[in-house]
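[1] Here's my sequence, what's the structure:
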Amino acid sequence: MKRETITKSVYVEGILKLYLGLAETPPRYSRLDRRLAEDLYEKGIALEEVESAMLLASARRLLRSKDAPKLGPIRSLHYFLPVIEEVRQRPLSASYLEYLRRKLAALEPAG
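    Predicted coordinates:
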């Protein structure tokens, strides 16, 4: 979904749904998470850029070496801000995004 084709409410709900669907995120979002999603819309950051950043950050966390120290859970959507900026500077290719989706899907428990 391109930013110019969706409303603010659809954009915000889309980001919050993506956020809550990730591993290691809270079971519900906070008012600060909602406010950040609204700010991202106002700044014109594409939903695709936010999704790419969330996939990349999640993959980095979940695909770390087994010997690496355990990371605490993600407590806020703000966690993704540096990665959103990184993705805006260097967009990920469609093939790499698909690779990340496959790797993360393989980690999900069968159910």
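[2] Ile74 and Gly44: what is the separation?
    Applying CB to CB, to the nearest Å, the value for Ile74 to Gly44 is 24 Å. Quick note: C-beta positions are derived from backbone N, CA and C, even for glycine.
[3] And for Leu62?
    Distance, Leu62 to Gly44, by CB to CB: 30 Å.
[4] swap in Thr7?
    Taken as CB to CB, the span from Thr7 to Gly44 is 14 Å.
[5] Does the residue of the chain most remote from its centre belong to a helix, a strand or coil?
    In the chain, the residue that sits farthest from the middle, by CA atoms, centre = their mean, is Asp67; the gap is 24.7 Å. Following DSSP: H, G, I helix; E, B strand; the rest coil, we place Asp67 in the coil state.
[6] Between Ile74 and Gly44, which has more neighbouring residues?
    Ile74 (19 against 9; other CB atoms under 10 Å).
[7] so what pLDDT did the more buried one get?
    Predicted confidence (pLDDT) for Ile74: 95.
[8] show me the contacts for it.
    Contact analysis of Ile74 by CB atoms under 8 Å, 6 or more residues apart in numbering lists 22, 24-26, 61.
[9] So it versus Thr5, what's the distance?
    For Ile74 relative to Thr5 (CB to CB), the value is 29 Å.
[10] what's the answer for Leu20, then?
    Leu20 sits 23 Å away from Thr5, going by CB to CB.
[11] Most neighbours out of the contacts of Ile74, which is it?
    Thr25 (21 neighbours).
[12] Show me the shaky parts of this protein.
    Filtered on pLDDT under 70, the chain yields the residue ranges 1-4, 109-111.
[13] what's the longest helix in it?
    In the chain, taking DSSP state H as the definition, the longest helix is helix 47-62.
[14] can you pull out the strands in this protein?
    Chain-ordered strands for the chain, with DSSP state E as the definition, do not occur.
[15] middle-most residue in it, spatially?
    By CA atoms, centre = their mean, the mean C-alpha position of the chain lies nearest to Met54, the distance being 2.1 Å.
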